[in-house]
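Chemist: fold the following.
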Amino acid sequence: MVVAAVLAGGSGTRMGASAPKQYLLLANEPILVHSVRAFVLHEQIDKICVVVPEAYTEETENLLRTYFPNELIAVIAGGQNRSTSLLNAARHFAKQCPQDTVMLTHDAVRPFITKRIIDENIAGARRYGAVGTVIPAVDTLLLSEDGHFIASVPPRSTAFHAQTPQTFDLHALTSLLEQADETQHERFTDGCSVFMQAEKPVFMVRGEPYNIKITYPDDLSRAEEILKNHFSR
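Modeler: I've put the predicted structure just below:
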């Protein structure tokens, strides 16, 4: 079985909007709808859940019924941070899915995921147990311990930018998250970091430069161009 969790727990503070950014319109549809649609249309996805702030569960259920009236998409409340929201999604699926299930996790504000990326995530997770979507770093990356002085410069040939989806053996992910304490949940940045902290390998799938995360106001203008140039129907 293959399931997908769309993580829509962001508050949108960096966007400067009155509502979380996943509900802002892109080509007259909420960004969240674009992201969910990619999984609705994919033939291998058996179940979908959307993880949102608790205050937005009813609104999101109504929204998804409007756009996907024939789909059973669960809406569940997130946790205090990304890691606990991921745990809520993993628990939701683990209690109803068989042992060989893989779960894709995807940022709700990355509306340009492709079928190819989803296909390769599923195949990679079945073979390796954990997958992260990445693109090679174009700019040199600088690391700093204090935010003021450069501490190190990793070789650009070994540096990548993380995207989503990330995909995991569902029950392995659930077990690792269940074992984590509060401090670890605060430190985990995503599902890949959960596996890496447990010293388990994470395979890389190539993403796309246009698989952007809509974070700042200018990103909406860029997203409109991407939609027109790569996804026009």
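
Chemist: CA only for contacts and neighbour counts going forward, please
Modeler: OK.

Chemist: how about the helices in the chain?
Modeler: Along the chain, counting by DSSP state H, helices occupy 31-40, 57-67, 82-94, 115-128, 170-179, 182-187, 191-197, 217-230.

Chemist: could you tell me the angle between the third one and helix 170-179?
Modeler: Using axes from the mean of the first three to the mean of the last three CA atoms, to 10 degrees, the inter-axis angle of helix 82-94 relative to helix 170-179 is 130 degrees.

Chemist: which residues sit against stretch 141-159?
Modeler: Stretch 141-159 has contacts (CA atoms under 8 Å, 6 or more residues apart in numbering) with 136-140.

Chemist: neighbouring strands for the longest strand anywhere in the chain, and are they parallel or not?
Modeler: If you go by DSSP state E, the chain has its longest strand at strand 160-169. With DSSP bridges as the test, strand 160-169 is paired with strand 102-107 (antiparallel), strand 130-136 (antiparallel).

Chemist: so which of those strands gets nearest Tyr210?
Modeler: strand 130-136 (10.3 Å; CA to CA).

Chemist: need the mean per-residue confidence for that closest one.
Modeler: Averaged across strand 130-136, pLDDT comes to 98.

Chemist: which residues are contacting it?
Modeler: 117, 121, 124-125, 157, 159-169, 192, 195, 201-209.

Chemist: list only buried entries from those.
Modeler: Among the contacts of strand 130-136, those buried by neighbour count (16 or more other CA atoms under 10 Å) are 117, 121, 124-125, 159-160, 162-169, 192, 195, 202-207.

Chemist: about what we covered before: go through the strands paired with strand 160-169 and name the closest to Asn81.
Modeler: Among the strands paired with strand 160-169, the nearest to Asn81 by CA to CA is strand 102-107 (13.6 Å).

Chemist: need phi/psi at the residue lying farthest from the centre of the chain.
Modeler: Residue farthest from the centre of the chain, counting by CA atoms, centre = their mean, is Phe149 at 31.1 Å. Recorded main-chain torsions at Phe149 are phi -130, psi 140, according to degrees, to the nearest 10.

Chemist: quick one: it from Leu143, how far?
Modeler: As judged by CA to CA, to the nearest Å, Phe149 and Leu143 stand 9 Å apart.

Chemist: now do His92
Modeler: Look at His92 and Leu143: by CA to CA, they are 37 Å apart.

Chemist: which of the two has more residues huddled nearby?
Modeler: Comparing His92 with Leu143 by neighbour count (other CA atoms under 10 Å), the higher total belongs to His92, at 16 against 12.
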